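S.K.: Based on what follows, work out the 3D shape:
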Amino acid sequence: MLETERLLIRQFTFDDLPRLIELRSDEEVIKYLGGRRLQNPEAIEKRMRFYLECYEKYGFGMCALVWKETGEMIGWCGLQPLEETGETEVGYGMIKEFWGKGIGYECARVWLEYAFTMTNAERIVAVADPENTGSWRIMEKCGMKYERTDEHYGMKCVFYGISREEFQL
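M.R.: Numbers count the residues shown, from 1 in each chain. Okay, here's the model as predicted:
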């Protein structure tokens, strides 16, 4: 489990699936996540299985993002392999009530610290819908650099990266 001033970050369990489906049902939340094509109950269940497999295979994965003040699961964040490249990706997302409060940066930053201090990662990447300016601003605030626009998860994405040497602990 990782912790920040405001957040608890813990591994998902399959019991979290109903809440994850609920979190990924808001049209505004999923418009940058491939929409209903990628965010429907069947696809989310498949993704949850992938997250759980990542813990076994890599020792990390996408996790439940919990607001300390209430104990409520408000989103997801973590590290996972970027399927098309095999590189390690940092990812994050949350319900819209928590947008614009620095939470995306807080969880991305703690995962980058984890990746570069607790694993042998030499480089971490992140992808986002080009229109999701909030997400790529988080990447830039973390020190990540824009590298290209490419296709990932079946959609056009901006692609950012940072090396161990570039990351400022």
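S.K.: Check the burial of L2 by counting its neighbours.
M.R.: 18 (other C-beta atoms under 10 Å). Just so you know, the C-beta spots here come from the backbone N, C-alpha and C atoms, and that holds for glycine as well.
S.K.: ok, for it, nearest residue in space, not its chain neighbours?
M.R.: Nearest residue to L2 in three dimensions, chain neighbours excluded: I9, at 4.1 Å (C-beta to C-beta, 6 or more residues apart in numbering).
S.K.: Tell me the secondary structure at L79.
M.R.: strand (DSSP: H, G, I helix; E, B strand; the rest coil).
S.K.: actually T149, sorry about that
M.R.: Per three-state DSSP, T149 ends up strand.
S.K.: List the contacts of it.
M.R.: P130, K156, C157, V158, F159 (C-beta atoms under 8 Å, 6 or more residues apart in numbering).
S.K.: what's the helix or strand for the residue positioned nearest the centre of the chain?
M.R.: For the chain, G91 is the residue whose C-alpha lies nearest the centre (C-alpha atoms, centre = their mean; 1.9 Å). In this structure, G91 sits in strand 88-94 according to DSSP states H and E.
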